Structure formats: C-alpha cells, structure tokens
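Trainee: This is the structure alone, sequence omitted:
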C-alpha cells in the first residue's frame with residue numbers, strides 16, 4: 001500500500017451550499033495524521049474531540065481515564081491507517097468533530113491511484129466554501145448566522161459582525177492557503 005494514493009472527498013454534512021474538500025493522501029496514512037489533514041483542509045482549529053465511524057464502530061483516541069473505551073463499539077485508532085477503514089473505491093466513513101456542535105463529515109474514497117513523484121502529499125486539489133466558525137452551534141447555528149448576516153436590520157446582526165472576524169466570507173476558499181498549511 002506504500003505507493004497507493006487515495007483521492008478522498010470530505011463533505012460537511014448538512015451544509016448548503018455544500019462545504020467540501022478533495023484531498024490526495026497516501027493510503028497508509030495514519031488516522032492520527034488523517035485527522036490533521038481534515039482539520040487543516042476544512043479550516044477547523046483542532047480544539048475539540050472527534051471520532052471516525054464505520055459500520056456503527058467508533059474509532060477515537062483513548063483519553064487517560066476513559067473507562068468506556070472498550071464499550072459501545074469504541075476502538076482506539078492510534079495504530080490504524082486510513083486503509084484500515086477505507087478498503088475499496090466508493091467506501092465511506094463518517095468523521096465527527098466537536099461533540100457539542102456535532103460537525104459531521106462524510107468521507108468518501110473517490111479513487112485509488114499511484115504516487116505521482118511530482119506531487120507532495122497530502123495535497124488538497126479542490127474545494128468549495130469557507131469552514132464555519134468554531135462554537136457557533138453546529139450546522140443549524142451556522143445557517144442561522146448566515147441568515148442574520150444577510151439581514152443588517154436583524155436585532156443580532158451587529159453582535160455576529162462583532163463576534164466574527166470582519167473578513168469572514170462564507171464563500172471564501174483558497175486552495176493555496178490550505179496546501180501551505182498542510183505542509184507547514
């Protein structure tokens with residue numbers, strides 16, 4: 001699997017318009033590193049817990065004192081790779097980030113190719129839309145924010161303008177910035 005590359009699409013579930021990224025990663029990438037690729041390519045801040053899920057089995061990092069890891073179909077993924085969960089084209093897993101806001105991502109294995117020596121992996125090759133701000137209430141809270149930001153007369157308009165970075169643009173996506181962060 002060392003020379004095998006996975007083309008993965010990451011889609012933020014419930015986003016309208018769709019917020020997504022397409023990345024190329026080595027198939028033998030650890031799930032620990034893949035978590036970082038998701039965080040970086042989507043634009044999250046990696047400040048909350050997360051898990052991967054496939055077939056009602058939950059793959060997470062064991063936290064010291066977590067006595068329930070072996071219960072409820074939970075497995076420590078520290079020694080697993082992406083290829084352990086995605087084994088063939090069109091396979092799908094779920095990635096949830098932030099158990100409070102519940103940012104659910106659908107992860108699709110779109111294609112399987114071989115290494116191109118001209119490419120430094122991982123790499124983001126396509127995507128759309130900006131990542132929602134952290135701690136905004138999940139996808140429904142984000143949709144509420146977008147509605148309010150389109151209505152300057154709304155009573156909470158100024159509150160959200162103050163809370164968000166003034167440069168926040170929900171349609172912004174810069175692939176060069178994402179790839180710089182992936183290789184930082």
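Mentor: Cool, the structure landed. Note that the structure is a prediction, hence the values are computed from the model and not measured.
Trainee: Please pick out the residue of the chain most distant from its centre.
Mentor: Going by C-alpha atoms, centre = their mean, the residue of the chain most distant from its centre is residue 153, 33.3 Å out.
Trainee: give me the low-pLDDT residue ranges for the protein?
Mentor: 1, 65-72 (pLDDT under 70).
Trainee: Report the central residue of it.
Mentor: Closest residue to the average C-alpha location of the chain: residue 38 at 3.8 Å, with C-alpha atoms, centre = their mean.
Trainee: A helix includes it, no?
Mentor: Yes. Judged by DSSP: H, G, I helix; E, B strand; the rest coil, residue 38 forms part of a helix.
Trainee: hey, where'd the helices end up in the chain?
Mentor: With helices called from DSSP state H, the chain shows them at 31-42, 82-85, 138-149, 157-163, 175-182.
Trainee: Next, the angle from the last one to helix 31-42.
Mentor: To tie it back to what came earlier, the one meant is helix 175-182. Per axes from the mean of the first three to the mean of the last three C-alpha atoms, to 10 degrees, the angle that helix 175-182 makes with helix 31-42 is 150 degrees.
Trainee: by contact count, what packs against the longest strand along the chain?
Mentor: What stands out as the longest strand in the chain, according to DSSP state E, is strand 103-114. When contacts are defined as 3 or more C-beta pairs under 8 Å, 6 or more residues apart in numbering; DSSP states H and E, strand 103-114 sits against strand 4-12, helix 31-42, strand 92-97, helix 138-149. Bear in mind the C-beta positions are built from the backbone N, C-alpha and C, glycine included.
Trainee: Could you list the buried residues of that strand?
Mentor: Of the residues in strand 103-114, 103, 104, 105, 107, 108, 109, 112 count as buried by neighbour count, 16 or more other C-beta atoms under 10 Å.
Trainee: Buried residues, stretch 40-54. List them.
Mentor: Within stretch 40-54, the residues that count as buried by 16+ other C-beta under 10 Å are 40, 41, 42, 43, 44, 48, 50, 51, 52, 53.
Trainee: Span of that stretch from start to end?
Mentor: 22 Å (C-alpha to C-alpha, to the nearest Å).
Trainee: Other residues contacting that stretch?
Mentor: Outside stretch 40-54, the residues that touch it by C-beta atoms under 8 Å, 6 or more residues apart in numbering are 10, 12, 19, 21, 23, 31, 35-36, 38-39, 58-60, 74, 77, 85, 92-101, 103, 105, 107, 124, 127, 130-131, 134, 178, 181-182.
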